[in-house]
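In: dropping a prediction and its sequence here:
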Amino acid sequence: MASDPTCLEINLEEGMPTVEQAIKRLTFYLRTKKGSGVRTLKLIHGYGSSGTGGKIRIECRKYLESQQRRGEIKYFVPGEEFSIFDPQTQKLLIACPGLRRDHDLERRNNGITIVLL
C-alpha cells in the first residue's frame, strides 16, 4: 500500500491507547484525509488477543457505522470480509488499486477494517 498514495494505513493500536484515544485518532484521520487525495484508510485495530484490541475493534466499527449513516464515509469493509469475492471489496479495489497487493486480502483478518472515504 505504501506505493499507492490513495491508500493510507493507520495503526489505531500504536502506543496502546484507550478506546477513546483510538476513536479520537480515527476521527482525526477521517476529517483530515477526506478530500486530500486519500481514498481509503486501512485501520489496524486488533481483534482482542491482547485484551484491549477487541474493544477498539468493536467501538471503531460502531463509530464507522454512525459515520456511514451520516454520509461522512461511503462504507467500510471488515477485515474478515476483505475478499475479492465480496462486492464491497471489489469497489474498494477499483477505488484503490494498491489494495490488490495488500497482504491482508483474502486472509480474513478481523484485526483490520478498510474504509472508503
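Out: Received the coordinates, thanks.

In: tell me the secondary structure at the nearest residue to residue 90 once chain neighbours are set aside.
Out: For residue 90, ignoring the flanking residues on the chain, the nearest one in space by CB to CB, 6 or more residues apart in numbering is residue 84 at 6.9 Å. Backbone N, C-alpha and C define where each C-beta goes, glycine included. Judged by DSSP: H, G, I helix; E, B strand; the rest coil, the three-state class of residue 84 is coil.

In: tell me the phi and psi of residue 84?
Out: Backbone geometry at residue 84, expressed as degrees, to the nearest 10, gives phi -60, psi -10.

In: from residue 114, how far out is the nearest residue to residue 106 once chain neighbours are set aside?
Out: Nearest non-adjacent residue to residue 106, counting by CB to CB, 6+ apart: residue 83, 5.6 Å away. Taking CB to CB, to the nearest Å as the measure, residue 83 falls 11 Å from residue 114.

In: neighbour count for these two, which is higher?
Out: Legend: neighbour count by other CB atoms under 10 Å for residue 83 and residue 114, higher for residue 114 (26 against 15).

In: for the more buried one, name its beta-bridge partners.
Out: When bridges are called by DSSP bridges, residue 114 pairs up with residue 42, residue 77.

In: so how many other residues sit close to residue 73?
Out: Residue 73 has 18 nearby residues by other CB under 10 Å.

In: number the residues from 358 up from this point.
Out: Okay, residue one is now 358; in that scheme the one you just asked about reads as residue 430.
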